[in-house]
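Asker: missing the sequence, but the structure's below:
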């Protein structure tokens, strides 16, 4: 069972983490554009591979069963 104190602590940690991530993102926003130029291509490729493998597994189950 989760006590009220644990719930308050979890909410405090969650809110603190969200604020910290937001501040860090804003600080690095300009630098990241320069550093990760073209990284969307890697993301698109990874998504393509994921969906291709997913499709192959579904296709295999379609013909096996």
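Answerer: Nice, I can see it. In this text the structure is predicted, and so the values were computed from the model without any measurement. Residues are numbered from 1 along each chain as shown.
Asker: now residue 13: how far from residue 20?
Answerer: 10 Å (Cβ to Cβ, to the nearest Å). Just so you know, the C-beta spots here come from the backbone N, C-alpha and C atoms, and that holds for glycine as well.
Asker: kindly report the same for residue 11.
Answerer: To residue 20, residue 11 is 15 Å away according to Cβ to Cβ.
Asker: chain center to stretch 48-65, what's the gap?
Answerer: 23 Å (Cα atoms, centre = their mean, to the nearest Å).
Asker: now residue 45: which helix or strand?
Answerer: helix 39-64 (DSSP states H and E).
Asker: please compute how far that helix lies from its chain's middle.
Answerer: 18 Å.
Asker: mean confidence score for the biggest helix by length in the chain?
Answerer: Using DSSP state H to define each element, the chain has its longest helix at helix 4-35. Averaged across helix 4-35, pLDDT comes to 90.
Asker: orientation of it relative to helix 39-64 in degrees?
Answerer: 110 degrees (axes from the mean of the first three to the mean of the last three Cα atoms, to 10 degrees).
Asker: and the residue nearest the centre of this protein?
Answerer: residue 43 (11.4 Å; Cα atoms, centre = their mean).
Asker: quick one: that residue from residue 30, how far?
Answerer: Taken as Cβ to Cβ, the span from residue 43 to residue 30 is 20 Å.
Asker: over to residue 46?
Answerer: With Cβ to Cβ as the criterion, residue 46 and residue 30 are 25 Å apart.
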